[in-house]
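Q: I need the structure of the sequence given here:
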Amino acid sequence: MTQLGKLKAAAAARLAEYAEEKVRAAEDDYAEAVASRNTAEKSTAGDKHETGRALMQAEADRCAVRLNAARELRGAFRQTDFGKSCDTVSSGSLVRTDGGLFLISLPFGKIELGAESVYAVSPQSPAGSALIGKCVGDRATFGGRTHAVREIA
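A: The predicted model follows:
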């Protein structure tokens, strides 16, 4: 495996941790919101109690939306083929440009891997969409700069 391939595997492992962490945190938040809503005791305050319960239900609903988004993120990660090696940039590629390393996958941002920094970007992001379909030697413009593609894994 090439050095770039090893970096790609390490970055993909970090993204797997990130996706699982997002799901776990969202599950915990949702469980906590539902438990809070369900344990609210009936009060003689009447409308005040119902308003409080409605607010707790709204928070549980927001947590459910975050949980679904986290699960979709994890699903998108699981569908990305990081094992393939291509001559053109596609989802799952790690691209070395003269401006840095870019992993086309989840929008995670900067991943520190020893002395290297990898920027995990989605295929729909400006960087990702500019790099998709490029080959070694091609140029992609994003972030106000033109980047030359040096290596693809």
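Q: Now do the strands in the protein.
A: Taking DSSP state E to define them, one finds strands in the chain at 94-97, 100-104, 109-113, 116-121, 139-142, 145-152.
Q: Any idea which of the ones you listed gets closest to Gln79?
A: Put simply, out of those the one that sits nearest Gln79 is strand 100-104, at 13.1 Å, with distance taken as C-beta to C-beta. Backbone N, C-alpha and C define where each C-beta goes, glycine included.
Q: angle of the closest one against strand 116-121?
A: 40 degrees (axes from the mean of the first three to the mean of the last three C-alpha atoms, to 10 degrees).
Q: Any idea which helix or strand in this protein has the lowest mean pLDDT?
A: Within the chain, no helix or strand scores below helix 47-79, which has a mean of 88 by mean pLDDT, DSSP states H and E.
Q: Are there helices or strands packed against that helix, and which ones?
A: With contacts taken as 3 or more C-beta pairs under 8 Å, 6 or more residues apart in numbering; DSSP states H and E, helix 47-79 sits against helix 3-39.
Q: Return the set of buried residues in the helix it packs on.
A: Within helix 3-39, the residues that qualify as buried by neighbour count (16 or more other C-beta atoms under 10 Å) are 4, 7-8, 10-12, 14-15, 18-19, 22-23, 26, 29-30, 33-34, 37.
Q: And for stretch 129-146?
A: By 16+ other C-beta under 10 Å, the buried positions in stretch 129-146 come out as 130-132, 134, 140, 142.
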